[in-house]
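Novice: build the 3D model from these lines:
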Amino acid sequence: MLTTKGKGLHIMSDGIDYGKLMHRAMRGLIQEVLTGVQEHGLPGDHHFFITFDTAHPESELADWLSDRYPNEMTVVMQHWFDNLEVTDEGFGITLNFGDAPERLYIPYDAIKTFVDPSVEFGLRFESQEEDDEDDVPPEPNDDGPSGGEKPTPERKDAEVVSLDRFRK
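Specialist: Okay, the predicted model is just below:
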């Protein structure tokens with residue numbers, strides 16, 4: 001098997017690895033979206049549910065969070081977040097957990113799902129061990145104010161949620 005690294009084409013002895021190419025493109029999309037949020041804030045009613053592998057070797061989170069969520073955790077970027085720093089490998093963000101701000105670093109390779117319920121958009125990254133299941137788009141969520149003005153962010157606790165409630 002021959003593969004090229006970086007931004008090159010993934011070619012194996014039996015063909016092109018479209019799966020790896022698609023995963024890289026989807027992670028690039030997440031990076032581009034988060035870079036826009038870093039520069040301009042969340043537009044309109046957009047908000048994100050991001051599920052990631054807390055056991056990924058490059059994930060960084062407080063010990064009490066990794067103890068509580070040893071395999072995966074879903075965080076919500078909506079009302080209050082701070083210090084969003086987007087890099088080519090992942091992003092750092094400060095979220096509020098029960099009036100305790102905690103810094104997280106989430107590498108793109110650790111992301112399992114990225115959902116923006118305000119526009120019924122979602123990505124799911126499946127490992128090779130997982131069965132392929134049909135993705136069902138999330139149901140729209142009517143959280144937050146509407147209108148053209150950007151609301152003043154209110155401080156709310158970060159929450160960990162199950163994405164099952166967004167599937168039909």
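
Novice: buried stuff in the lengthiest helix in the chain?
Specialist: With secondary structure taken from DSSP state H, the chain has its longest helix at helix 18-40. Within helix 18-40, the residues that count as buried by 16 or more other C-beta atoms under 10 Å are 23, 26-27, 30-31, 33-34, 37. All C-beta atoms are positioned from the backbone trio N, CA, C, and that covers glycine.

Novice: likewise for stretch 103-113?
Specialist: Buried residues in stretch 103-113, counted by 16+ other C-beta under 10 Å: 104-113.

Novice: for the residues you listed, which one is nearest Q78?
Specialist: Relative to Q78, the closest of those is L104; by C-beta to C-beta it sits at 15.0 Å.

Novice: adjacent strands (with direction) for the helix or strand following the longest helix of the chain?
Specialist: As assigned by DSSP states H and E, the chain's next helix or strand after helix 18-40 is strand 48-53. Based on DSSP bridges, the pairing partners of strand 48-53 within the sheet are strand 72-77 (antiparallel), strand 111-116 (antiparallel).

Novice: what angle separates the last one from helix 18-40?
Specialist: Using axes from the mean of the first three to the mean of the last three C-alpha atoms, to 10 degrees, the direction of strand 111-116 lies 50 degrees away from that of helix 18-40.

Novice: which outside residues touch strand 111-116?
Specialist: Contact with strand 111-116 is made by 27, 30, 46-53, 72, 74, 121-125, 138, 163, 166, as judged by C-beta atoms under 8 Å, 6 or more residues apart in numbering.

Novice: which residues of the chain fall in strands?
Specialist: The residue ranges that make up the strands of the chain, judged by DSSP state E, are 11-12, 15-16, 48-53, 72-77, 82-86, 90-97, 100-107, 111-116, 121-124.

Novice: of all these, which lies closest to A62?
Specialist: Distances from A62 to each of the strands of the chain were compared using C-beta to C-beta; the minimum, 5.0 Å, belongs to strand 100-107.

Novice: and that closest one, what's its mean pLDDT?
Specialist: Summarised as a single mean, pLDDT over strand 100-107 is 94.

Novice: so where's the chain uncertain?
Specialist: 1-13, 127-168 (pLDDT under 70).

Novice: and with 90 instead?
Specialist: 1-20, 23-24, 41-45, 78-81, 96-100, 118, 120, 125-168 (pLDDT under 90).

Novice: ok, and the closest non-adjacent residue to F48?
Specialist: Of all residues beyond its chain neighbours, the one nearest F48 is M77 (4.5 Å), with distances taken as C-beta to C-beta, 6 or more residues apart in numbering.
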